[in-house]
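[1] only geometry, no sequence info:
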């Protein structure tokens, strides 16, 4: 399955030269994590499209910007370059690594020198843009929640809770929270997602026994409750922070490592006709085998024993497993099985689970504390 457009960083190109716009468009569209959504040939057109198209990045010749800048965009490489890389203020980067000079392309002296050296400038721009995407974990801001403030070396950037876009690779390993449920699970998952407030890079993976179409509806409902991006998993999907990924109905979802970048996790799907599909065991097993102690497994309400084998693997690999208690469960089956087999570190009421997610994400190196204290 081809990579879908929804996980790409959206780029607007501005240049007075038709040839330059075509060359840049070809270069940028060739990158798997980028897509050109439009081009502009004048200051007025660039300004209009920056507002209407709401791109994540603008790559533009200095002449087309107003004093080297556009409202609602931060100039990443400063005002002394012939080509500017501009980042939407509705994007954020790691506080400690906001780049002051992500693109080291100096503005040539003389009016004609840019056009003469144009191809060289574009090649260097693309090289720097690739470095930028690889080195920095860029995330797209949501427009659904009230604004918060992130302080960087460049001053204060206003942004909303973060939505993730695909990046070339993850510098920091993700916290992987795997939630499994069956009967009564959709209501419990809605409660967890509505209350989630994790500040560290975390992805939430969900497997709940539902047929096709029902998981799509669940994803739509969850999206209304949170500023995190919520969607069904798809083949080859790269796992990114601040995302809730629902295993699609009728399929089992696995977590896979990238052979080149071990910290970059992705999704693999496989059809299944089993009653317990999407399988909690399959998702938990694969997550534990890829992310080891970075995994927090959560077994919620549901009938049967699905999740017990997965819980065993998470515990074996150094992760943490918690289960919903009987009092707040619709059916105390899946959680009871994992508890009775000795694979659960603690049992909690539904309303207490988010606090454990926060503590796990904040400091995985203190997981022993969770085992001793938080969930006994």
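    That came through, no problem. Every value quoted in this text rests on a predicted model; they were computed, and no experiment measured them.
[2] Which stretches in the stretch 101-250 of the chain count as helices?
    Under the criterion DSSP state H, counting those that start in this stretch, helices of the stretch 101-250 of the chain are mapped to 113-116, 118-135, 185-195, 214-223.
[3] Domain boundaries for the protein, per the record?
    The record, using automatic domain parsing to delimit domains, assigns the chain the ranges 5-140, 175-374.
[4] and residue 298, how far is that from residue 250?
    23 Å (Cβ to Cβ, to the nearest Å). Any C-beta I mention is one placed from the backbone N, CA and C, and that applies to glycine too.
[5] Same drill for these two, tell me which one is more crowded.
    More crowded of residue 298 and residue 250, by other Cβ atoms under 10 Å: residue 298, with 30 against 18.
[6] mind listing what that one touches?
    Under the criterion of Cβ atoms under 8 Å, 6 or more residues apart in numbering, the contact partners of residue 298 comprise 177, 178, 179, 180, 192, 321, 322, 323, 324, 353, 357.
[7] mind checking which helix or strand the last one is in?
    Counting by DSSP states H and E, the element that carries residue 357 is helix 353-362.
[8] mean confidence score for that helix?
    Regarding helix 353-362, the rounded mean pLDDT is 91.
[9] which strands and helices sit next to that helix?
    strand 175-181, helix 185-195, strand 295-299, strand 320-324 (3 or more Cβ pairs under 8 Å, 6 or more residues apart in numbering; DSSP states H and E).
[10] Low-confidence ranges, this structure, go.
    Low-confidence segments of the chain, defined by pLDDT under 70, span residues 1-7, 66-69, 71, 74, 76-82, 88-172, 260, 364-376.
[11] let's go with 80 and repeat that
    By pLDDT under 80, the low-scoring segments of the chain are 1-9, 30-33, 62-63, 65-173, 258-263, 363-376.
[12] Go through stretch 275-284 and flag the buried ones.
    Taking 16 or more other Cβ atoms under 10 Å as the basis for neighbour counts, the residues of stretch 275-284 that come out buried are 276, 277, 278, 279, 280, 281, 282, 283, 284.
[13] Surely the fifth one and residue 299 touch.
    Okay, so that is residue 280. Yes. With contact defined as Cβ atoms under 8 Å, residue 280 counts as touching residue 299 (7.2 Å).
[14] who touches both of these two?
    Counting by Cβ under 8 Å, 6+ apart, the shared contacts of residue 280 and residue 299 are 180, 181, 307, 334.
[15] out of the contacts of residue 298, which are buried?
    Of all those considered here, the ones buried according to neighbour count by 16+ other Cβ under 10 Å are 177, 178, 179, 180, 192, 321, 322, 323, 324, 353, 357.
[16] who's in contact with the fifth one?
    For residue 192, the set of contacting residues under the criterion of Cβ under 8 Å, 6+ apart consists of 179, 298, 350, 353, 354, 357.
[17] can you tell me how far it sits from residue 237?
    21 Å.
[18] about what we covered before: most widely separated two among the buried residues of stretch 275-284?
    Greatest spatial distance among the buried residues of stretch 275-284 (Cβ to Cβ): 277 and 284, at 14.3 Å.
[19] Need phi/psi at residue 233.
    The phi/psi pair for residue 233 (degrees, to the nearest 10) reads phi -70, psi 150.
[20] was I right about it contacting residue 243?
    No. Taking contact to mean Cβ under 8 Å, the distance of 10.0 Å between residue 233 and residue 243 leaves them out of contact.
[21] Settle it for me: which of those two has more neighbours?
    A count of neighbours by other Cβ under 10 Å puts residue 233 above the other of residue 233 and residue 243, at 27 against 24.
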